[in-house]
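> Using only what follows, build the 3D model:
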Amino acid sequence: MLERHFDTKLSSRLPVIAIYSIYEILITKFERYKHKKLIPLQVHTSSDKHSFGDIEVYTLDNQPFEVVEIKHNIPIDKYLILDIAKKVKKVSLNRYYILTTFQNSFASLEAENEVIDCILELKKTQGIDIIANGIISSLKYYLRFIDNYHEFLEIYTKNLIKDAQKSTEVKNFHLEIWTEILRNHKIDLQE
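As a prediction, this is how the structure comes out:
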């Protein structure tokens, strides 16, 4: 369902909302996120100067704890990893995810190996824990921890509507396509 939704035109914001929606659930369920807060989503087109990524989890004393950067149809390469290293060089950060909708996440096996080498080197030299992965495989993993997928669908839908109201990135046709996807899978969120 999400792959179909992400496949629509002008959809770079949709994967961000999906991952944010899953974090809204996970942050309440895991010890890892005890005494942490999920920062509200910022407008996607706003400058990255004041943030570390698309989705941010902070400690209660306002220190960055975990960050997720989402790329849409862009393969992960070593240059993206090096950009992350620069972005977080002066902060103590527990984990940084870079996730993409690009099929297979990397342009080639060689690019994947370069990313792995770069991540391992940065872990050794700067202590940064970077995880590079595909959005769909990450969502599949996260959804295993949720008892009721309906809850995720409700939160994703609510966040789509909220984002459509406050920004120009989620368009009415995105909402219409999502409604059609739900209807095609016989999912009624009005229950």
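
> What helices and strands are in contact with the lengthiest strand in the chain?
As assigned by DSSP state E, the longest strand anywhere in the chain is strand 64-71. Here strand 64-71 touches helix 13-26, strand 55-59, helix 78-87, strand 95-100, going by 3 or more C-beta pairs under 8 Å, 6 or more residues apart in numbering; DSSP states H and E. (Glycine included, C-beta is placed from N, CA and C.)

> Tell me which of those sits nearest to Leu109.
helix 78-87 (13.6 Å; C-beta to C-beta).

> hmm, who's touching that closest one?
48, 52-53, 69, 71, 74, 96, 98, 111, 114-115, 117-119, 122, 126, 128, 130, 132 (C-beta atoms under 8 Å, 6 or more residues apart in numbering).

> now with 6 Å?
52, 96, 114-115, 118, 122 (C-beta atoms under 6 Å, 6 or more residues apart in numbering).

> That helix relative to strand 95-100, how many degrees between them?
Orientation check (axes from the mean of the first three to the mean of the last three C-alpha atoms, to 10 degrees): helix 78-87 against strand 95-100 gives 150 degrees.

> Send over helix 78-87 as PDB, restricted to the C-alpha atoms.
Output in PDB follows, covering the C-alpha atoms of helix 78-87 (Å, rounded to 0.1, in the frame of the first residue of the first chain):
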ATOM      1  CA  LYS A  78      29.300   7.400   0.400                       C
ATOM      2  CA  TYR A  79      28.800  11.200  -0.200                       C
ATOM      3  CA  LEU A  80      25.500  11.100   1.600                       C
ATOM      4  CA  ILE A  81      27.200   9.400   4.500                       C
ATOM      5  CA  LEU A  82      30.000  12.000   4.500                       C
ATOM      6  CA  ASP A  83      27.400  14.800   4.600                       C
ATOM      7  CA  ILE A  84      25.900  13.200   7.700                       C
ATOM      8  CA  ALA A  85      29.300  13.000   9.300                       C
ATOM      9  CA  LYS A  86      29.700  16.800   8.700                       C
ATOM     10  CA  LYS A  87      26.200  17.600   9.900                       C
END
